[in-house]
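> got a predicted structure here, sequence first:
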Amino acid sequence: MSEPTVVETPAALRLASERWRAAGLMVGLVPTMGALHAGHASLIRRAVEECDRAVVSIFVNPAQFRPGEDLERYPRTVEQDLALCAGEGVAAVYLPLVEAVYPPGFATSVSVTGTATAGFDAERRPGHFDGVALIVTKLLVAARADVAYFGAKDAQQCAVVRRLATDLDIGTRIAVCPTVRDHDGLALSSRNAYLSPEQRLQALAIPRGLAAAARAVADGVSDASAVVAAVELELAASPDLEVEYVAAVDPESFVPVATVISGTQILVAARISTTRLIDTLCAGVDEAPAVPPRAVVASAVGTAMAGRG
Ligand code: PAF
């Protein structure tokens, strides 16, 4: 296991990448905000497998957080992240300070307009995708990667990134990798760390809802409103879950569809207290998430609450 080289500036990242590319090596980039989990590990593994050199960026990007969001408390686990990267055979970790990415005088914005940012998280978190588009553009430009890897759970982010990579002629292929789920079906996310045990049990309504959608689609239901209703029925069983949206959209344009076909994205966004969770199922492609039945969870919630006295 060799330690990855740590690079801290865009210029150092570009230099490393240019050297590899000049030697005919293929470069893969996995952009992250750190707090790496098995979902990130699956992206990293794919980059290591498919490319000659894998680069992981770790940067909690202030530009994509709105005032009052979790920028300050976002988990930061750099030592563990570096160990994970070393274990996976990553060649370089890009670990810049905020000032290296946004130096004094920085005055550029990147905004993806059109249907990809016409609703859903773009509406709920105004400015969020401008921040994502800005940092991803900067990362893709500096890393000169052949391929960049993103998780399918963040479906709207994937649509935004694909759009900007095409529109700005970046020349990096955007690879979208399947969602990795925990033993209980919850999609892995660095934000799951915020959930108390009973909140987590309630959050399982999200993958359970997506499992219901997958079953409905497998049973031949194609009416999008019926598929969405199947998800909503499961979500309604968790009283502490505040649903922001459930929708069926086209994966490229992100426009809601009337008919679910193979590849349609079924989206869920919901809050439990101050924790916001999103999840996605690619209809006809993803397997139904395996989640414990609702009755088992209900009794576990009761036990957890009783234990609190
Ligand atoms: O998905 C994330 O972790 C972030 O939005 C990304 C793509 C690394 C940009 O900061």
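That came in fine, so what should we check first?

> how many residues are close by residue 73?
11 (other Cβ atoms under 10 Å). From N, CA and C alone the C-beta is placed, and that goes for glycine too.

> pull the contacting residues for it.
Contacts for residue 73 (Cβ atoms under 8 Å, 6 or more residues apart in numbering) come out as residue 194.

> can you tell me the element residue 43 falls in?
helix 38-50 (DSSP states H and E).

> for that helix, give the mean pLDDT please.
Taken as a whole, helix 38-50 has a mean pLDDT of 98.

> and the strands in the stretch 101-250 of the chain, which stretches?
With strands called from DSSP state E, counting those that start in this stretch, the stretch 101-250 of the chain shows them at 147-151, 173-177, 241-249.

> buried deepest among those, which one?
With neighbours defined by mean count of other Cβ atoms under 10 Å, none of the strands of the stretch 101-250 of the chain is more surrounded on average than strand 147-151, at a mean of 23.

> quick one: list the elements packing against that one.
Secondary-structure packing of strand 147-151 (3 or more Cβ pairs under 8 Å, 6 or more residues apart in numbering; DSSP states H and E): strand 27-32, helix 38-50, helix 128-143, helix 155-167, strand 173-177.

> again, only this time at 10 Å
strand 27-32, helix 38-50, strand 53-58, helix 128-143, helix 155-167, strand 173-177 (3 or more Cβ pairs under 10 Å, 6 or more residues apart in numbering; DSSP states H and E).

> that strand pairs with which strands, parallel or anti?
strand 27-32 (parallel), strand 173-177 (parallel) (DSSP bridges).

> pull out the buried positions in the helix holding residue 43.
Residues of helix 38-50 classed as buried: 39, 40, 41, 42, 43, 44, 45, 46, 47, 48 (neighbour count, 16 or more other Cβ atoms under 10 Å).

> quick one: residue 185 and residue 226, what's the gap?
Taking Cβ to Cβ, to the nearest Å as the measure, residue 185 and residue 226 are separated by 22 Å.

> and the two? Which one has more around it.
Counted by other Cβ under 10 Å, residue 185 and residue 226 do not tie: residue 185 has more neighbours, with 19 against 14.

> test my guess that the more buried one contacts residue 288.
Yes. Residue 185 is within contact range of residue 288, at 9.3 Å (criterion: Cβ atoms under 10 Å).

> between these two, which contacts overlap?
207, 208, 210, 211 (Cβ atoms under 10 Å, 6 or more residues apart in numbering).

> closest to residue 168 among those?
Ranked by distance to residue 168 (Cβ to Cβ), the shared contacts of residue 185 and residue 288 are led by residue 210 at 32.4 Å.

> the residue nearest in space to the middle of the chain and the ligand, how far apart?
For the chain, residue 154 is the residue whose C-alpha lies nearest the centre (Cα atoms, centre = their mean; 3.7 Å). As for residue 154, its distance to the ligand is 5 Å (criterion: Cβ to the nearest ligand atom, to the nearest Å).

> wait, what's in contact with that residue?
So residue 154 contacts 121, 132, 160, 161, 176, 179, 187, 189, 278, 279, 280 (Cβ under 10 Å, 6+ apart).

> just to check, residue 149 is in contact with residue 57?
No. Look at residue 149 against residue 57 with Cβ under 10 Å: they stay out of range, at 11.1 Å.

> what sits in contact with each of those two?
Common contact partners of residue 149 and residue 57 (Cβ under 10 Å, 6+ apart): 29, 30, 31, 32.

> among those residues, which are in reach of the ligand?
Contacts with the ligand within these, as defined by Cβ under 6 Å from any ligand atom: 31, 32.

> as JSON lines, the shared contacts of residue 149 and residue 57 with pLDDT and neighbour count would be great.
Formatted as JSON lines, the shared contacts of residue 149 and residue 57 follow (pLDDT from 0 to 100; neighbours: other Cβ atoms under 10 Å):
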{"residue": "29", "pLDDT": "99", "neighbour count": "29"}
{"residue": "30", "pLDDT": "99", "neighbour count": "35"}
{"residue": "31", "pLDDT": "98", "neighbour count": "24"}
{"residue": "32", "pLDDT": "98", "neighbour count": "24"}
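
> pop the domain breakdown of the chain in here.
5-177, 190-308 (automatic domain parsing).

> for these, which has the smallest mean pLDDT value?
domain 190-308 (a mean of 92).

> for the ligand, tell me whether that one is touching it.
No. Domain 190-308 lies out of reach of the ligand by Cβ under 6 Å from any ligand atom, never closer than 7.7 Å.

> and that domain, how far out from the chain's middle?
16 Å (Cα atoms, centre = their mean, to the nearest Å).

> before we move on, what about stretch 186-201?
15 Å.

> list, one by one, the residues from the stretch 1-150 of the chain near the ligand.
Taking Cβ under 6 Å from any ligand atom as the contact definition, the stretch 1-150 of the chain meets the ligand at 31, 32, 33, 61, 64, 132, 135, 136.
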